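Peer 1: What follows is a predicted protein model with its sequence.
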Amino acid sequence: MSRTLYDLIGLAAGVAFILALKGLSHPKTARRGNLIGAFGATLATLVVFFYVSPELSLPLNNLGWILGAMAVGLAVGVPAARKVQMTQMPQLVALFNGVGGGAAALVAIVECLHLGAKASMAEVIFTVFTVSVGCISFSGSIITFMKLQELMTTRPVIFPAGRFIIAATLVSVIGVGAIIVALGTTPLLVLAALSLLFGVLFVLPVGGADVPIVISLLNAFTGLAVAASGYVLDSVLLIIAGTLVGASGTILTRLMAEAMGRSLFGTLFGAFTAKPQDVSGAAEERPVRSGSPDDVAILLNYARRVVIVPGFGLAVAQAQHTVRELADLMISKGIDVAYGIHPVAGRMPGHMNVLLAEANVPYDQLEEMDEINPTFSQTDVAIVIGANDVINPAAENRPGCPIYGMPILQVSNAANVIFLKRSMRPGFAGIENELLYDPKTMLLFGDAKASLTKVVSALKAL
Amino acid sequence: MEPIAVISIFVLAVFVGFEVVSKVSSTLHTPLMSGANAIHGVILVGAIIVADHSSTNLELGFAVVAIVLATINMVGGFVVTDRMLEMFKGKKR
């Protein structure tokens, strides 16, 4: 295959990626978009095996190793993607992103070792960029994975002089990079190690609720690393694909931050600049009103409008099917039922929509925050199932708390609020919720699925 | 490759990237991120090229690890995105 044909097919794959991103931006075309992307990627991969450049001959050297390694990757990646629980999907995406960044860094390292002294200045600069950014993305993604999987604390990790340590690490990454460029020697592995360290330090101070934003940012980073490696490898396709992901990832990061009412800067560095939080008195023993499933059923039976606010707790309890059963029952009794979906309910923007779609909840019952908020004042009962931070009034009235400024679902405007909770433990962001102590709030403790099942049978009996 | 050609491609791709995702509803943020994530899995192409180049065991070792990681990124990414979107389709009937 000639270089021209090879490049043309690469261009076709690049166009496929543009169409994929375009398709993924609209609900109707999203699935097709993803398939177009997969097609482009497959095409690009296959064509490498048939391209003969002046210095290469077919079949590729080390063909056995190449095919073997791809088989291993398939054997790991496909089952992981197929079997993952939808609740754990965000951390899987983080992990996939991380390994992509790691791959980009390794590719650049190998190419640099291979080129040795023959490498041009520009090639060295792009190699340094790919190695450092790829490594940051890799280690940063591993930390986001551990936070989401709750293998480590989800709270911001702040250490003494953290800001200075992080800044010093960044300066040394840049310094070592500059030395490599200037002297042409290859302490590339030192650069990789420092970048890995920086990735860890950079993500540690990010609070659990903000992790999705960081995943998206690291996704954009990996894209840029891939684009830079494309220059070194003389591949237009890698430049196009990497840049597309870098650019769209940056926009997406900003959109996500906006949906959460956060600035990107605040997300990344907020933990260092925030004043010490006041947690005075909030966590003490205070009276709450807890009810039985029968009480809840009676309240629902006489309601005209009920809004269900699902959160991550619903997903953990796998209660999405039971909640649909409850909603169907209420609808059959003539009650107006809607789901209020916060943009970041769950662990990632849109995560809750995925989970409810899994339970076949009709699309027209799902209402976004801006649609549902004005209706709470006409709502008799708001049922909050395993959600916390997204309805916490502290976001509106307690300046200085970590989620202050995040738009919330204003369930406190409903006539009655029912909380289904496992315990009094605060939400993912670790902030006490005043609404729990409000006189119009009733708490139903227990596993969300078990509680809902009891409410359903109590409501049927009425 | 000519540096000016590379810069042109880069700048144009940045604008295309900005443009295609600028109006996306929050519902689709997660699948979109996941799909974009799968796309940068094409680093697999780069990994295969360097594996072919490799002349020492060290280089080949790194390259093989890169192929494994890149394959996981690419294939896993597209499969998991499809699984998410499959559910969206289910509710639209």
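Peer 2: Happy to help now that I have it.

Peer 1: OK, contacts around A:Gln91?
Peer 2: A:Thr144, A:Phe145, A:Leu148, A:Gln149, A:Arg347 (C-beta atoms under 8 Å, 6 or more residues apart in numbering or on different chains). Where you see a C-beta, it was placed from the backbone N, CA and C, and this is true even at glycine.

Peer 1: What are the buried residues along the host helix or strand of the first one?
Peer 2: Secondary structure assigned from DSSP states H and E places A:Thr144 in helix A:121-148. For helix A:121-148, the neighbour count (16 or more other C-beta atoms under 10 Å in any protein chain shown) marks A:123-148 as buried.

Peer 1: Helix or strand next in line after that helix, which one?
Peer 2: helix A:162-183.

Peer 1: and that following helix with helix A:121-148, angle?
Peer 2: Counting by axes from the mean of the first three to the mean of the last three C-alpha atoms, to 10 degrees, helix A:162-183 points 150 degrees away from the direction of helix A:121-148.

Peer 1: Give me the contact list for helix A:162-183.
Peer 2: The contact list for helix A:162-183, computed with C-beta under 8 Å, 6+ apart, reads A:121, A:124-125, A:128-129, A:132, A:159, A:185-188, A:190-191, A:194-195, A:197-198, A:201-202, A:205, A:269, A:272.

Peer 1: and those near chain B, which?
Peer 2: When contact is defined as C-beta under 8 Å from any C-beta of the partner chain, the contacts of helix A:162-183 do not meet chain B at all.

Peer 1: Where does pLDDT dip in chain B?
Peer 2: Counting by pLDDT under 70, chain B contains low-confidence ranges at B:88-93.

Peer 1: Would you mind listing what in the stretch 351-462 of chain A touches chain B?
Peer 2: So the stretch 351-462 of chain A meets chain B at A:His351, A:Asn353, A:Val354, A:Leu356, A:Ala357, A:Glu358, A:Asn360, A:Val361, A:Pro362, A:Tyr363, A:Glu368 (C-beta under 8 Å from any C-beta).

Peer 1: Test my guess that the last one contacts A:Tyr339.
Peer 2: Which is A:Glu368. No. Here A:Glu368 does not reach A:Tyr339: they are 10.0 Å apart, not a contact under C-beta atoms under 8 Å.

Peer 1: who has more neighbours, the two?
Peer 2: Taking other C-beta atoms under 10 Å in any protein chain shown, A:Glu368 and A:Tyr339 do not tie; A:Tyr339 has more neighbours (24 against 17).

Peer 1: Could you tell me the per-residue confidence at that one?
Peer 2: On pLDDT, A:Tyr339 comes in at 90.

Peer 1: Count the residues that sit near the nearest residue to A:Pro349 once chain neighbours are set aside.
Peer 2: Distances taken as C-beta to C-beta, 6 or more residues apart in numbering or on different chains place B:His29 nearest to A:Pro349, at 3.6 Å, with adjacent residues excluded. Number of residues near B:His29 (other C-beta under 10 Å) recorded here: 25.

Peer 1: just checking, what packs against the helix or strand hosting B:His29?
Peer 2: Following DSSP H and E, one finds B:His29 within helix B:29-39. Here helix B:29-39 touches helix A:3-24, helix A:30-48, helix A:89-115, helix A:211-232, helix A:236-259, helix A:351-358, helix B:77-90, going by 3 or more C-beta pairs under 8 Å, 6 or more residues apart in numbering or on different chains; DSSP states H and E.

Peer 1: Select, out of those, the one closest to B:Val65.
Peer 2: For the helices and strands packed on helix B:29-39, proximity to B:Val65 was assessed by C-beta to C-beta; helix A:89-115 is nearest, at 5.9 Å.

Peer 1: any chance of the helices and strands packed on helix B:29-39 in CSV, with distance to A:Tyr437 too?
Peer 2: Compiled in CSV, the helices and strands packed on helix B:29-39 are given as follows (distance: least, C-beta to C-beta, whole Å):
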stretch, distance to A:Tyr437
helix A:3-24, 43
helix A:30-48, 42
helix A:89-115, 31
helix A:211-232, 28
helix A:236-259, 28
helix A:351-358, 26
helix B:77-90, 37
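
Peer 1: so which of those helices comes closest to A:Arg422?
Peer 2: Closest to A:Arg422 of the helices and strands packed on helix B:29-39, according to C-beta to C-beta: helix A:351-358, at 17.6 Å.

Peer 1: Show residues contacting the closest one.
Peer 2: Residues outside helix A:351-358 that contact it (C-beta under 8 Å, 6+ apart): A:86-87, A:89-90, A:310-312, A:314-315, A:320, A:324, A:339, A:341-342, A:344-346, A:363, A:366, B:27, B:30-31, B:84, B:87-88, B:90-91.
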